[in-house]
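kindly return the folded structure for what I paste below:
(chains A, B, C and D)
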2 protein chains.
Amino acid sequence: MTELDDEPTEQRGVRSVIRALNLLSAAARGSRTLTELAGAAGVSLSTASRLLATLRMADFLEQDKDGQFVPGPELTALLYASDQWSGIRKLAGEAVSNLRDELDETVAFFVRSGHDRVCIESAESGRLVRRVCHPGERGPVYLGAAGKALIAFSNAEHGYLGLPPGTDEFKTESGAVRTLADLRAECAVIRARGMAYSGRESTEESWAVAAPVSRGDLLLGVLAVVVPMTRSDELYIAKVQAALRQAAAAASR
Amino acid sequence: MTELDDEPTEQRGVRSVIRALNLLSAAARGSRTLTELAGAAGVSLSTASRLLATLRMADFLEQDKDGQFVPGPELTALLYASDQWSGIRKLAGEAVSNLRDELDETVAFFVRSGHDRVCIESAESGRLVRRVCHPGERGPVYLGAAGKALIAFSNAEHGYLGLPPGTDEFKTESGAVRTLADLRAECAVIRARGMAYSGRESTEESWAVAAPVSRGDLLLGVLAVVVPMTRSDELYIAKVQAALRQAAAAASR
DNA sequence: AGTCATACTTCCATTCTGCGGAAGTTCACC
DNA sequence: GGTGAACTTCCGCAGAATGGAAGTATGACT
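All right, here's what the predicted structure looks like:
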């Protein structure tokens, strides 16, 4: 999915490392065979074989009995050693499943990492038509309710948000063009309302609402409800917003 | 700490990738400056600079305002996407802190990942002389109480345990030589007793006891108490074992 | 059993990539 | 403005990584 070495305007880096990281990303998201991984990363089979063997030697990956590449012990160790959110995750887990139980919609907890919003916990709706959102889902901060909430409630709208330098425009998934100025204006509204809303921004087919979870003055992350466009009447949105507001407040204690 | 490219019997791999992964591990365990990281990985400054720039380009690392390297969004996403233990962490956290409060000894929860045991949760003793054990601590499964318990209670003593192929001997930290046969014999004892004990195995200066935490037939992980050798009289060990037995049973519900 | 297909690994000559010393840059502190 | 520490960029060379091809393993289908 995420191509790190796109051909145009190719930023230089150490090629074998970039390729290895691409393979690692692909493998960690779902166990895969060599052939699939080589295809995903766009490298020859022999190269993929060599690089994957290296990742395996370093314990970043291992192979299960079927030969599928799966996350290895060093990756696990790194996760728990570097976990900046271990304290929050318990809280997030509870908040997420309580609210899911109440609404039967997919609920996720996002934190900011770099210029991205990353899902660190989620609970999935049981409905037949649902928006899924697994831990590890990642996207730019400036798109979608969760990202905008992260910006607004940490007053970060005047900082750098990861847009290509020199740019101040970006496109939503539905194709609408927005500017940094729009975003900044929206932040004021979001803070006033206490939550962020987005429709067809980070995915064309869903809308979302997100509200801050804080401890004192510190923003820990945001709680978000993500819903397919198939359920988007005003009344329902209002209901979801009300439930979210309460849940986020409860999680903030 | 963890040198992946030890000089003797060096297994071949793609050098730049190995170096980059070493840098990544070091950086993820604690934010560091270029110079420190280069030293830790044993590479020249220019090489470290180039490799770290590559890791940064790929969003695996980023630099905070002081220029320190910290985990980047792609790493965060990857780690959360590959986390198989989010479900038991709450349970582990509670078990660990209850038992710590009872004994005032460092208590940790270990799971098996690959051929390693990895600490995913811990609570530290408040005593002046204590064994520390942070989440992310990793070691071979065949050494130490926690590892042996993981093997014994999942009946894995006949599977491959990560020893170099062809070998069936290994050394404990105190220098004692043990064989796979010893280990297999010990597993029966461990199962009979319901817990594993080790002294000077994974660290020369401490002993540990570990008991299984299960849900039905499934072994989730092990709860372990790790204690400095300075407190190692029979009576005290027995007391710790009794408390651990109860705590592990409670956590297993 | 025999044949074919698929999935992966190893080999090896070629070339281009990554290497590290040195020079250049930035910044903080005296 | 001078000194030093921390980091980045430059550049010629060595040799590391590359990918096509050949080799191996496995399994399915006849």
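
for stretch A:123-137, give the mean pLDDT please.
Stretch A:123-137 shows an average pLDDT of 96 in the prediction.

in it, which residues are buried?
Of the residues in stretch A:123-137, those buried under the neighbour-count criterion (16 or more other C-beta atoms under 10 Å in any protein chain shown) are A:123-125, A:130-131, A:133, A:135-137. For glycine as for every other residue, the C-beta is placed from the backbone atoms N, C-alpha and C.

out of the residues you listed, who's nearest DNA strand C?
Minimum distance to DNA strand C across the buried residues of stretch A:123-137 is 23.2 Å, recorded for A:Gly136 (C-beta to the nearest atom of the strand).

which ones among the buried residues of stretch A:123-137 also lie next to chain B?
For chain B, the contacts drawn from those by C-beta under 8 Å from any C-beta of the partner chain are A:135-137.

which one of those is nearest DNA strand D?
Of all those, the one with the least separation from DNA strand D (C-beta to the nearest atom of the strand) is A:Gly136, at 25.9 Å.

show the contacting residues for the closest residue to that closest one other than its chain neighbours.
Using C-beta to C-beta, 6 or more residues apart in numbering or on different chains and skipping residues adjacent in sequence, the residue nearest A:Gly136 is B:Ala81, 2.6 Å away. Contacts were defined as C-beta atoms under 8 Å, 6 or more residues apart in numbering or on different chains; by that measure B:Ala81 touches A:28-29, A:134-137.

list the buried residues in stretch A:152-166.
Within stretch A:152-166, the residues that qualify as buried by neighbour count (16+ other C-beta under 10 Å) are A:152-154, A:156-157, A:161, A:163.

dihedrals phi and psi, the residue positioned nearest the centre of chain A?
Nearest to the mean C-alpha position of chain A, by C-alpha atoms, centre = their mean, lies A:Arg138 at 2.6 Å. According to degrees, to the nearest 10, the main-chain angles of A:Arg138 amount to phi -140, psi 140.

ok, and the closest non-adjacent residue to it?
In space, not counting the residues next to it along the chain, A:Arg138 is nearest to B:Ala77; the distance is 4.0 Å by C-beta to C-beta, 6+ apart.

A:Leu75: what secondary structure?
Secondary structure for A:Leu75, judged by DSSP: H, G, I helix; E, B strand; the rest coil, is helix.

my read: A:Asp168 touches A:Thr179, true?
Yes - between A:Asp168 and A:Thr179 there is a contact under C-beta atoms under 8 Å: 5.6 Å.

count the neighbours of A:Trp85 for me.
As a burial measure, the neighbour count of A:Trp85 was computed by other C-beta atoms under 10 Å in any protein chain shown and equals 19.

contacting residues around stretch A:93-104?
Taking C-beta under 8 Å, 6+ apart as the criterion, the residues outside stretch A:93-104 that touch it are A:106-109, A:121-127, A:213, A:223, A:225, A:240, A:243-244, A:247-248, A:250-251, B:86, B:90.

hmm, try it at 10 Å
Outside of stretch A:93-104, the residues within contact range by C-beta atoms under 10 Å, 6 or more residues apart in numbering or on different chains are A:88-89, A:105-109, A:119-127, A:130, A:213, A:221, A:223-225, A:227, A:236, A:239-240, A:243-244, A:246-248, A:250-252, B:86-87, B:89-90.

does A:Ser40 really touch A:Ser25, like I thought?
Actually, residue A:40 is Ala. It isn't Ser. Yes - when contacts are counted by C-beta atoms under 10 Å, A:Ala40 is listed as touching A:Ser25 (8.9 Å).

tell me which of the two has more neighbours.
The residue with the greater number of neighbours, taking A:Ala40 and A:Ser25 and applying other C-beta under 10 Å, is A:Ser25; the counts read 24 against 19.

can you name the residues that contact that one?
A:1-2, A:4, A:37, A:40-41, A:136, B:58-60, B:74-75, B:77-78, B:81.

what about it, distance to DNA strand C?
According to C-beta to the nearest atom of the strand, to the nearest Å, A:Ser25 stands 17 Å off from DNA strand C.

repeat for A:Arg231
Distance check for A:Arg231 against DNA strand C: by C-beta to the nearest atom of the strand, it reads 39 Å.

just read off the phi/psi values of that residue.
Comment: the main-chain dihedrals of A:Arg231 come out as phi -120, psi 90, following degrees, to the nearest 10.

just to revisit the earlier point, among the contacts of stretch A:93-104, the buried ones, what's the PyMOL command?
Isolation of the buried members of these (16+ other C-beta under 10 Å) is achieved in PyMOL through the command below:
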select buried, (chain A and resi 88+89+105+106+107+108+109+119+120+121+122+123+124+125+130+213+221+223+224+225+227+240+243+244+247+248+251+252) or (chain B and resi 86+89)
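
so which of the contacts of stretch A:93-104 are in helices?
Using DSSP state H, the members of those that fall in helices are A:88-89, A:236, A:239-240, A:243-244, A:246-248, A:250-252, B:86-87, B:89-90.

on that earlier part again, so which of the buried residues of stretch A:123-137 are in strands?
Mapping these onto strands (DSSP state E) picks out A:Ala123.

make CSV from the buried residues of stretch A:123-137 and add distance to DNA strand C to it.
Below are the buried residues of stretch A:123-137 laid out as CSV (distance: C-beta to the nearest atom of the strand, whole Å):
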residue, distance to DNA strand C
A:Ala123, 33
A:Glu124, 30
A:Ser125, 34
A:Arg130, 31
A:Arg131, 32
A:Cys133, 29
A:Pro135, 26
A:Gly136, 23
A:Glu137, 26
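
surely A:Val226 touches A:Gly139?
No - the criterion here is C-beta under 10 Å, and A:Val226 misses it with A:Gly139 at 11.8 Å.

between the two, which is the more surrounded one?
Set side by side, A:Val226 and A:Gly139 give different neighbour counts by other C-beta under 10 Å, the larger being at A:Val226 (28 against 20).

residue contacts, the residue of chain A positioned farthest from its centre?
For chain A, the largest distance from the centre (C-alpha atoms, centre = their mean) belongs to A:Ser46, which lies 32.4 Å off. If a contact means C-beta under 10 Å, 6+ apart, then A:Ser46 has A:Ala38 as its contacts.

again with A:Val189
Contacts here follow C-beta under 10 Å, 6+ apart; on that basis A:Val189 touches A:148, A:152, A:196-197.

which of these fall within helices?
A:148, A:152.

right, and the pair among the contacts of A:Val189 with maximum separation?
Every pair in these was compared (C-beta to C-beta); the two farthest apart turn out to be A:Ala152 and A:Tyr197, at 11.5 Å.

confidence score at A:Met1?
The score at A:Met1 is 34. That number is its pLDDT.

now do the strands in the stretch 101-250 of chain A.
Taking DSSP state E, counting those that start in this stretch as the criterion, the stretch 101-250 of chain A carries its strands at A:106-113, A:116-123, A:138-140, A:169-171, A:177-179, A:196-199, A:206-215, A:218-228.

B:Leu183: which of those is closest?
strand A:116-123 (37.4 Å).

report the angle between that closest one and strand A:218-228.
Here strand A:116-123 runs at 70 degrees with respect to strand A:218-228, directions being taken by axes from the mean of the first three to the mean of the last three C-alpha atoms, to 10 degrees.
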